[in-house]
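> Need a 3D model of the following:
(chains A and B)
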Amino acid sequence: MKALLLRDLRLAMRSGGGFGLGLAFFFLLSVLVPLGVGPEGGTLARIAPGILWVGALLACLLSLDRIFALDFEDGSLDLLATAPIPLEAVVAVKALAHWLVTGLPLTLLAPGLAVFLNLPAGGYGWLVLSLLLGTPALSVIGAFGAALVVGLRRGGLLLSLLVLPLYVPTLIFGAEVVRRGAEGMALATPLALLTAISLGAAALLPFAAAAALRVNLR
Amino acid sequence: MEIWVENLAVARGGVTVLQGLGFAVGAGQALILRGPNGSGKTTLLRTLAGLQPAVAGSISLPPEAAAYGAHADGLKSTLTVQENLAFWASVHGVGSVADAMTRMDVANLAPRRAAELSAGQKRRLGLARLLVTGRPVWLLDEPTVSLDTASVALFAGVVRQHLAGGGLAVIATHVDLALPEAETLDLAPFRTRTMARDGFDEAFA
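Just a heads-up that it's a prediction; the model follows:
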């Protein structure tokens, strides 16, 4: 399993691996939105939590279809399915690798980009914490969606449509944590729900994704 | 170690392609599957590998004993030959990468990226993967595609060593591998009859 994680990370870092695409998107969005919205009236500070979370979510979405599609095309997925690692573990490891190359860098980059969006000072810590707790859910849910559409040519569009509704709760609670944090309000409830979504997704969805993969490999 | 198949029926895309299939392959034996394109060789091998369920019948094969060698070699083009093999070796936890590279004659390619290999070299690397799995049962789907004569002979030698070491192999192929210990199974008698055209006209029945 460690070998699979290292291989996925190495593939992501090598040329054509897609590492950085999501980060570049997140960066562009966070730079362009302030230019588009303009500096007046504190509008930016008010929408900053939502924009940052939407940006992180869409950046995550960009690389989802690569999770299984590449392995399916070159036959590795068949071989992994017959390898001694359970397919559930393959899904979990691949979701973890996806998080390490998208979710984690996004989380680390977010405070810097929040400056552009004039996020109130109280929100920075909560922004990092909410992304740290919420982005794993994005990767795991995304891996489940990718397992559903593996084998479809140009499955990316279908994948986005399938996954976006599943991302909504994470987005709502994640942005809510940051908004409340920035305004100094109590935020235990959205934080707990955000964590619950991540933990629930990580516990259950690898099994669902492995079942979907088995059906798609037939 | 034995594969034992009885009254097996397999389907591709929901259509049963082979039925009533039965054979046994013991340790040290090889079974060559013959049949025209589309006769269900790949489907049979995928079913044996556990990638798809059988429609009917039973397969007796020890769990986690089979290494499946498909049309696609499962190589990552941005990884080197060495890295590709080392990955599968550590997934399976047995088998020596250096030994496998020597035996399939890819050792001199070790630092090259898989993207830079020729089709035949990729195939040899794909077959070297079988060695690092350390599994006793090889299920091979047209393993000699894009191999030259010398490489086919090299591969036949590797299969023979595998059999001599107590392994077994089921190989779908169109070429003669010159394996004296192999039995040949022609799949034609087991093909499901395609729907008879004459005398059956559902639309007007």
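> per-residue confidence at A:Ser15?
A:Ser15 carries a pLDDT value of 68.
> Now do the contacts for the nearest residue to A:Ala95 once chain neighbours are set aside.
Leaving aside its chain neighbours, A:Ala95 sits nearest to A:Ala143 (4.0 Å; criterion: CB to CB, 6 or more residues apart in numbering or on different chains). Just so you know, the C-beta spots here come from the backbone N, C-alpha and C atoms, and that holds for glycine as well. The neighbourhood of A:Ala143, defined by CB atoms under 8 Å, 6 or more residues apart in numbering or on different chains, consists of A:64, A:67-68, A:91, A:94-95, A:98, A:205-206, A:209.
> Return the members of these classed as buried.
With neighbours counted using 16 or more other CB atoms under 10 Å in any protein chain shown, the contacts of A:Ala143 contain these buried positions: A:64, A:67-68, A:91, A:94-95, A:98, A:205-206, A:209.
> can I assume B:Phe24 is in contact with B:Ile59?
Careful, residue B:24 is Ala; it's not Phe. No. Using CB atoms under 8 Å, B:Ala24 is not in contact with B:Ile59, being 11.1 Å away.
> which neighbours do these two share?
Counting by CB under 8 Å, 6+ apart, the residues touching both B:Ala24 and B:Ile59 are B:3-5.
> In these, which residue is surrounded by the most others?
Going through those with other CB atoms under 10 Å in any protein chain shown as the criterion, the one with the most neighbours is B:Ile3, at 23 neighbours.
> show me what contacts that one?
B:Ile3 sits next to B:23-25, B:48, B:59-61, B:137, B:168, B:170 when contact means CB under 8 Å, 6+ apart.
> Taking the buried ones among the contacts of A:Ala143, tell me the two that lie furthest apart.
Greatest spatial distance in these: A:Leu64 and A:Pro206, 15.3 Å, computed using CB to CB.
> Looks to me like the residue nearest to A:Ala95 is in a helix.
Yes. Remark: A:Ala143 belongs to a helix, assigned using DSSP: H, G, I helix; E, B strand; the rest coil.
> Which pLDDT value goes with it?
Spelled out, the predicted local distance difference test score at A:Ala143 is 94.
> For chain A, give me its nearest residue in chain B.
Closest residue of chain B to chain A, CB to the nearest CB: B:Ala72 (2.7 Å).
> Secondary structure element holding A:Ala83?
Secondary structure assigned from DSSP states H and E places A:Ala83 in neither a helix nor a strand.
> How about residue 69, nearest residue that isn't a chain neighbour?
Reading this off chain A. Leaving out its chain neighbours, the residue that sits closest to A:Ala69 by CB to CB, 6+ apart is A:Val150, at 6.1 Å.
> that answer is for a different chain, and I need it for chain B
Using CB to CB, 6+ apart and skipping the chain neighbours, the partner closest in space to B:Gly69 is B:Leu140 (4.3 Å).
> So which residues on chain B come close to chain A?
Residues of chain B found near chain A, taking CB under 8 Å from any CB of the partner chain as the criterion, are B:46, B:49-53, B:64, B:66-68, B:70-79, B:83, B:86-88, B:90-93, B:129, B:133.
> Inside strands: which ones of the residues you listed?
Using DSSP state E, the subset of those located in strands is B:66-68.
> Using CSV, lay out those residues together with neighbour count.
What follows is these, written out as CSV (neighbours: other CB atoms under 10 Å in any protein chain shown):
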residue, neighbour count
B:Ala66, 21
B:Ala67, 25
B:Tyr68, 25
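> okay if I get these as TSV plus pLDDT?
Written out in TSV, the entries for these read as follows (pLDDT from 0 to 100):
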residue	pLDDT
B:Ala66	88
B:Ala67	89
B:Tyr68	90
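> from those residues, which single one is nearest A:Gly184?
Using CB to CB, B:Tyr68 is the member of those that lies nearest A:Gly184, at 58.8 Å.
> what pairs with the closest one across the strands?
B:Leu139 (DSSP bridges).
> unless I'm mixing things up, it is touching B:Ala49, no?
Yes. Between B:Tyr68 and B:Ala49 a contact is recorded at 4.0 Å, counting by CB under 8 Å.
> Need the overlap of contacts for these two.
Common neighbours of B:Tyr68 and B:Ala49 (CB under 8 Å, 6+ apart) are A:78, A:82, B:139.
> Quickly note the distance from the second one to chain B.
Okay, so that is A:Thr82. Separation of A:Thr82 from chain B (CB to the nearest CB, to the nearest Å) stands at 5 Å.
> Got phi/psi on that residue?
phi -100, psi 0 (degrees, to the nearest 10).
> what's the neighbour count on it?
Using other CB under 10 Å, A:Thr82 has 20 neighbouring residues.
> Now do the helices in chain A.
Taking DSSP state H to define them, one finds helices in chain A at A:2-13, A:21-37, A:43-62, A:66-73, A:76-81, A:87-98, A:104-116, A:123-149, A:156-183, A:188-217.
> in the first one, what counts as buried?
Translated: helix A:2-13. Applying 16+ other CB under 10 Å to helix A:2-13 flags A:3-4, A:6-12 as buried.
> One more: the longest one?
Within helix A:188-217, the residues that qualify as buried by neighbour count (16+ other CB under 10 Å) are A:190-191, A:193-195, A:197-198, A:201-202, A:205-206, A:208-210, A:212-214, A:216-217.
> who touches the residue nearest to A:Ala69 in this structure?
By CB under 8 Å, 6+ apart, A:Val150 lies in contact with A:68-69, A:72, A:77, A:212-213, A:216.
> Now render these as TSV, adding distance to A:Thr43 and pLDDT.
Rendered in TSV, the data for the contacts of A:Val150 read as follows (distance: CB to CB, whole Å; pLDDT from 0 to 100):
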residue	distance to A:Thr43	pLDDT
A:Phe68	40	90
A:Ala69	39	88
A:Phe72	45	90
A:Leu77	47	91
A:Ala212	42	93
A:Leu213	45	92
A:Asn216	45	89
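> Out of those, give me the two with the largest separation.
Among these, the pair separated by the greatest distance (CB to CB) is A:Ala69 and A:Ala212, at 13.4 Å.
> quick one on the thing from earlier: who are the neighbours in contact with the residue nearest to B:Gly69?
Taking CB under 8 Å, 6+ apart, we find B:Leu140 in contact with B:45, B:69, B:130, B:169-173.
> any low-confidence regions in chain A?
Low-confidence segments of chain A, defined by pLDDT under 70, span residues A:15-17, A:41.
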